[in-house]
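Colleague: Provide a 3D model corresponding to the input given below.
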Amino acid sequence: MADERKWDIEVIDDLFDDRDSALIKRTPLSIHVNIDSWYWLLDGKGDFTVRSCYRRLQGECSDDHSKLWKKIWAMKLPSKVTHLVWRLCKGCLPTNAALVMKHVNIEAGCPWCHREAETSVHVMFLCDFAKTVWLTAGMAHLVNCFSYETPSAVLQKVFEQGTKDQCVEIAMLCWSIWNRRNRWVWDHVNGSVFGVKNIATHLLREWTEAQIKEESRKIRGEVGDRVWSPPPTGWLKINIDAAVFLDGTIGVGAVIRDDRGCFIGA
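Modeller: Numbering: from 1, shown residues only. Predicted structure coming up:
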């Protein structure tokens, strides 16, 4: 009761259990007598806005998270790796623990160590296999965390403390660890620690080389995809293609078009 600066004992005892009731009653009251009012925590002025609500539902309500999303999408990585890291931070990975929360009838335990529930932070950073991967890669100090931390908090720390190259390598290893996990769960194919690291390194190298070639092609003004060009006026053009199949048979095809691109025959 604000006007009398004391708790409404009857209401507290009616709404809360004995433990919570006792804790509330021990909470000191303000020396100022203020009238209670509604305040929206996600807005600086305390006013509710649809925008702040939408950002909250998207998990992007804080400036820290907004910066994290920008850093993730700004990294020069294969799109499937960037998407995996984003899903990891958003808590969207279909780990066993996450599927159990959605009422899927499976065991929540980790398919590798069988000792802890398979949460996102466990499979990526805390499982014995994952810890060995990070230790071998020399990144253990950057991804060191506790089970109660979220993946977004772990990667936020990585972006703050690690170099750009370290952030890229950690993202690649996250993708490779998840890839290895899926191969074990679905195909019962077991991969080694060095295999996980090599796959990540190889994928990044191939993607980087492809980007360099693409950039070089753009600089030279080359056209990436071949485009059909018409023959001189009054002429016909025949485009042919052939294929050899595994059973030894051969297929041949041809298309005839005129100088206007109109189909003549095949």
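Colleague: going on from the longest helix along the chain, what's the next piece of helix or strand?
Modeller: Longest helix in the chain by number of residues (criterion: DSSP state H): helix 193-220. Counting by DSSP states H and E, the next helix or strand C-terminal to helix 193-220 is strand 236-244.
Colleague: Give the other helices and strands that that next one contacts.
Modeller: Here strand 236-244 touches strand 250-258, going by 3 or more Cβ pairs under 8 Å, 6 or more residues apart in numbering; DSSP states H and E. Where C-beta positions appear, they are placed from N, C-alpha and C, glycine not excepted.
Colleague: Which is the succeeding secondary structure element to the strand it packs on?
Modeller: Counting by DSSP H and E, the next helix or strand C-terminal to strand 250-258 is strand 263-265.
Colleague: tell me how far that following strand is from the chain's mean position?
Modeller: 49 Å (Cα atoms, centre = their mean, to the nearest Å).
Colleague: That one pairs with which strands, parallel or anti?
Modeller: Each strand that pairs with strand 263-265, with its direction, by DSSP bridges: strand 250-258 (antiparallel).
Colleague: From the rest of the structure, what touches the partner strand?
Modeller: With contacts defined as Cβ atoms under 8 Å, 6 or more residues apart in numbering, strand 250-258 is touched by 228, 230-231, 235-245, 263-266.
Colleague: in the longest helix of the chain, what's buried?
Modeller: 193, 196-197, 199-200, 203-204, 207 (16 or more other Cβ atoms under 10 Å).
Colleague: Packing partners of it?
Modeller: If contacts are counted by 3+ Cβ pairs under 8 Å, 6+ apart, helix 193-220 sits against helix 128-137, helix 164-187.
Colleague: returning to what we had before: out of the contacts of strand 250-258, which end up buried?
Modeller: Buried among the contacts of strand 250-258 by 16+ other Cβ under 10 Å: Lys237.
Colleague: Can you name the residues that contact Arg51?
Modeller: No contacts exist for Arg51 under Cβ under 8 Å, 6+ apart.
Colleague: ok, now how distant is the residue lying closest to Trp38 once chain neighbours are set aside from Arg5?
Modeller: Once flanking residues are discounted, Trp38 sits nearest to Gly46: 7.7 Å by Cβ to Cβ, 6 or more residues apart in numbering. Distance, Gly46 to Arg5, using Cβ to Cβ, to the nearest Å: 23 Å.
Colleague: repeat for Thr163
Modeller: For Thr163 relative to Arg5 (Cβ to Cβ), the value is 55 Å.
Colleague: Same question for Ala22.
Modeller: Taking Cβ to Cβ, one finds Ala22 at 19 Å from Arg5.
Colleague: try Ala200
Modeller: Remark: distance between Ala200 and Arg5 (Cβ to Cβ) = 61 Å.
Colleague: What sits closest to Val189 if chain neighbours are left out?
Modeller: Nearest non-adjacent residue to Val189 (Cβ to Cβ, 6+ apart): Arg183, at 4.4 Å.
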